[in-house]
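A.B. asks: I need the structure of the sequence given here:
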Amino acid sequence: MEYEKIKQIMDEMSNSKLTSMEIEFKDGMKISMKKDNTNNQICTPINSIETEGVEDSSKIITSPMVGTFYSKPSPEEDDYVTINKNINKGDTVCIIEAMKLMNEIESEYSGKIVEIYVKNGQTVEYGSKLFRIE
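C.D. replies: Next up is the predicted model:
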């Protein structure tokens, strides 16, 4: 195949939205091309929002492991924590079952529970938000 034809195919690919192409000709010749689009991505800056004078004093308790979230020690008992309940550092806030082991999760903070992000029996990932405390 002529150099000019190959160059023309390359130019056509670079001007198209294709990311890869493979051509096989009757004479057995094959051409395979891949385009790296990482440099062609358009990025727009995100304007940050200034929050002068507003300080968020809330803390987030996150899951230290992957597993199933349980809000109470057993189905018959009350939840460890509820909205507006005051807790102390070290209090058990939930159980996460991982690999058939029940792991009691203790609060790293003292304060009042203002938000519960997960429901009883829900699967959580490592780092998933569980509770917000103020």
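
A.B. asks: In terms of residue numbering, what are the domains of the chain?
C.D. replies: Domains of the chain are assigned by automatic domain parsing as 3-38, 59-133.

A.B. asks: For these, state which one has the densest average packing.
C.D. replies: Of all the domains of the chain, domain 59-133 has the most neighbours on average by mean count of other C-beta atoms under 10 Å, namely a mean of 15. (C-beta placed from N, C-alpha, C; glycine too.)

A.B. asks: Quick one: end-to-end distance for that domain.
C.D. replies: 5 Å (C-alpha to C-alpha, to the nearest Å).

A.B. asks: Okay, and residue 77 sits in which element?
C.D. replies: Using DSSP states H and E, residue 77 maps to neither a helix nor a strand.

A.B. asks: got the domains of the chain as a markdown table, with mean pLDDT columns?
C.D. replies: Formatted as a markdown table, those follow (pLDDT from 0 to 100):
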| stretch | mean pLDDT |
| --- | --- |
| domain 3-38 | 76 |
| domain 59-133 | 93 |
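
A.B. asks: Residue 32 touches residue 10, doesn't it?
C.D. replies: No: assessed by C-beta atoms under 8 Å, residue 32 is found out of contact with residue 10, at 11.9 Å.

A.B. asks: For the chain, just list every one of the helices.
C.D. replies: Under the criterion DSSP state H, the chain contains helices at 3-15.

A.B. asks: what residues are up against the closest residue to residue 111 other than its chain neighbours?
C.D. replies: Sequence neighbours aside, residue 133 is the residue nearest to residue 111 in space, at 4.0 Å (criterion: C-beta to C-beta, 6 or more residues apart in numbering). Contact analysis of residue 133 by C-beta atoms under 8 Å, 6 or more residues apart in numbering lists 58, 59, 60, 61, 87, 107, 109, 110, 111, 112, 113, 114.
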